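Asks: Okay, predicted coordinates and the sequence, questions at the end:
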Amino acid sequence: MHFSGLTLPLGYEAGQYWSKNFIQQLESLDCGDSETLKTTLKLYIRDYQQTRDLLLAATRAIRKLCKEPAYEKQITLLRSVPGIGEINAAIILMELQDIHRFKHFDQLCSYVGLRISKGITKRSNQYLRGGVSRKQLECYKKRSGIVDKV
């Protein structure tokens, strides 16, 4: 916006949540005689609204999935770990599938991208690495009754 000579409406900061009021103010900004600028601004606003709607629909679908009997027990167990909410629990469950497929806890940590000897590794599951810590994995391991296989 600044590049085009437009300024944010008064009382708003960059990076702030876009409320309906803010979007209406953006739509009513004076773009001068530039039809290109008006069109570009409308397209950016439309893109933002579509992205927000898509994210909302995906979040609702994930929350609905979490309540299905097939996943409810594991989701509840994962959510009992401090710092893991419903969406993170669903991501962890869908990415790990069955935690018992890992013979040792270190294999699970390695899959996630957390290694004690090497720190954070580059080789990891991109969806799990950002949302889970080693302490959370240890807590989940204890609560689910997993023992390292010899």
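Replies: Cool, got the structure.
Asks: on contacts alone, who are the packing partners of the longest helix along the chain?
Replies: Secondary structure of the chain read by DSSP state H shows that its longest helix is helix 35-66. Contact here means 3 or more C-beta pairs under 8 Å, 6 or more residues apart in numbering; DSSP states H and E; on that basis helix 35-66 packs against helix 20-27, helix 69-79, helix 86-96. In this view, the C-beta of every residue, glycine as well, is placed from N, C-alpha and C.
Asks: what's the distance between it and the middle of its chain?
Replies: Distance of helix 35-66 from its chain centroid, counting by C-alpha atoms, centre = their mean, to the nearest Å, is 15 Å.
Asks: Residue 91: how many residues sit nearby?
Replies: Number of residues near residue 91 (other C-beta atoms under 10 Å) recorded here: 19.
Asks: Surely it and residue 85 touch.
Replies: No: using C-beta atoms under 8 Å, residue 91 is not in contact with residue 85; the gap is 10.1 Å.
Asks: if we can go back for a sec, which residues belonging to the longest helix of the chain are considered buried?
Replies: In terms of neighbour count (16 or more other C-beta atoms under 10 Å), helix 35-66 has its buried residues at 37, 41, 65, 66.
Asks: Please list all residues in contact with the residue of the chain most remote from its centre.
Replies: Most distant residue from the mean C-alpha position of the chain: residue 33, 40.1 Å away (C-alpha atoms, centre = their mean). Contacts for residue 33 (C-beta atoms under 8 Å, 6 or more residues apart in numbering) come out as none.
Asks: Can you classify it as helix, strand or coil?
Replies: Judged by DSSP: H, G, I helix; E, B strand; the rest coil, the three-state class of residue 33 is coil.
Asks: per-residue confidence averaged over the longest helix of the chain?
Replies: Averaging pLDDT along helix 35-66 gives 92.
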